[in-house]
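K.L.:
Mind folding the following:
(one chain, ligands or ions: 2)
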Amino acid sequence: MSKMRAVQVTSPGGPLELVERAIPDPGAGQIRIKVQACGVCHSDSVTKDGQWPGIQYPRVPGHEVVGIVDALGAGVAGWTEGQRAGVGWNGGYCGYCESCRRGEFFACQTATNVTGVTSDGGYADYIVSRAEAVAHVPEGLSPVEAAPLMCAGLTTYNALRNSGARPGQVVAVLGLGGLGHLAVQYAAKMGFKTVAIARGQDKGALAGSLGASTYIDSKAQDPAAALQKLGGAKVVLATVTAGDAMAATVGGLGVNGTFVIVGAAMSMQVSPLQLLLKNQSVKGWYSGTSIDSEDTLSFSVQTGVRSMNEAMPLEKAEEAYQRMMSGAARFRVVLTM
Ligand SMILES: [Zn+2]
Ligand SMILES: [Zn+2]
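P.N.:
Ligands and ions are numbered 1, 2, ... in the order given. All right, here's what the predicted structure looks like:
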């Protein structure tokens with residue numbers, strides 16, 4: 001039996017261990033991908049720290065997977081070996097439950113498949129994925145360029161394009177990290193009047209180079225008041241994970257504004273009076289499914305949006321993960337096979 005390298009977690013909080021495993025065969029409806037690159041994401045901590053109810057170990061993390069279709073399981077249509085392919089957080093859906101029949105595949109009620117959480121992910125030479133979870137990867141993006149767009153890119157792009165904002169309106173991106181530095185680029189390329197909000201004057205130049213027309217240093221000024229000076233934001237996209245930073249910005253929404261949350265904070269405070277007087281809303285945004293990933297990749301090719309990445313070999317997965325979790329990475333870490 002042929003072997004492959006994989007990096008796995010064997011218990012909650014345990015280290016990422018490089019092991020040799022049998023190359024998995026694709027079952028019915030599954031595609032095997034020879035992995036070229038896999039991004040390291042904050043949400044990999046779900047696997048590393050055992051935060052997913054009922055997670056089974058050992059488990060290979062990784063849900064920003066890009067590679068080449070290597071083998072097709074029985075009944076897979078629309079794919080051929082040798083095509084470029086990517087897999088993100090959504091690991092597939094049933095197609096027959098009520099949510100799926102209403103087109104809300106992300107909320108599938110019967111098959112909560114999460115890549116690298118409920119099945120083995122991309123920290124390996126090969127991955128097997130359900131076919132409906134696999135996205136086409138266009139020419140024009142290298143594997144390292146494409147990988148972070150499968151989660152960080154998808155989440156921010158899809159949240160912004162579904163936010164209700166129109167070209168020319170004020171859209172603020174809260175946070176300039178792995179998600180934020182992509183969100184600012186997407187917002188600018190979508191034609192929004194893009195405002196970046198982060199802590200420290202030193203980030204202003206970066207924000208400008210990513211396409212922000214205004215930078216708000218939330219250490220030096222009240223971000224809500226600064227947004228109101230610009231007429232109020234149609235949308236604030238919150239990419240940070242700190243509830244107090246979100247609460248300090250929600251007051252920057254304009255009339256009919258929407259505060260869109262993609263950062264997993266535990267809680268945030270908001271004034272109901274403010275919301276009702278200005279007809280505002282606070283909502284979350286799930287990342288997306290494989291067709292949304294394809295749209296993200298195409299838009300990124302078309303407009304030149306790219307993640308800033310640090311590439312590291314698969315063997316250094318533990319180091320790569322720690323570097324990303326510590327906040328030292330600028331801005332995404334990608335494992336290469
Ligand atoms: Zn992710
Ligand atoms: Zn379903």
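K.L.:
and stretch 247-264, how far from the chain's centre?
P.N.:
With C-alpha atoms, centre = their mean, to the nearest Å as the basis, stretch 247-264 stands 19 Å off its chain's centre.
K.L.:
got it, and stretch 174-188?
P.N.:
11 Å.
K.L.:
Over to stretch 36-50?
P.N.:
Between the centre of stretch 36-50 and the centre of its chain there are 11 Å (C-alpha atoms, centre = their mean).
K.L.:
Same check on stretch 53-64?
P.N.:
Stretch 53-64 sits 17 Å away from the centroid of its parent chain (C-alpha atoms, centre = their mean).
K.L.:
what's the spacing between the residue of the stretch 1-150 of the chain found nearest ligand 1 and residue 64?
P.N.:
Nearest residue of the stretch 1-150 of the chain to ligand 1, counting by C-beta to the ion: residue 41, 3.1 Å away. Every C-beta, even on glycine, is put in place using the N, C-alpha and C of the backbone. The gap separating residue 41 from residue 64 is 6 Å, by C-beta to C-beta, to the nearest Å.
K.L.:
Please enumerate the shared neighbours of those two.
P.N.:
148, 151, 152 (C-beta atoms under 8 Å, 6 or more residues apart in numbering).
K.L.:
what's the closest of the residues you listed to ligand 2?
P.N.:
Within the shared contacts of residue 41 and residue 64, the smallest distance to ligand 2 is 21.0 Å, found for residue 151 (C-beta to the ion).
K.L.:
With adjacent residues omitted, what lies nearest to that closest one?
P.N.:
What sits nearest to residue 151 in space, not counting adjacent residues and going by C-beta to C-beta, 6 or more residues apart in numbering, is residue 64, at 4.7 Å.
K.L.:
Export the shared contacts of residue 41 and residue 64 as TSV, with columns for secondary structure, pLDDT and distance to residue 280.
P.N.:
Formatted as TSV, the shared contacts of residue 41 and residue 64 follow (DSSP: H, G, I helix; E, B strand; the rest coil; pLDDT from 0 to 100; distance: C-beta to C-beta, whole Å):
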residue	secondary structure	pLDDT	distance to residue 280
148	helix	98	31
151	coil	97	28
152	helix	96	27
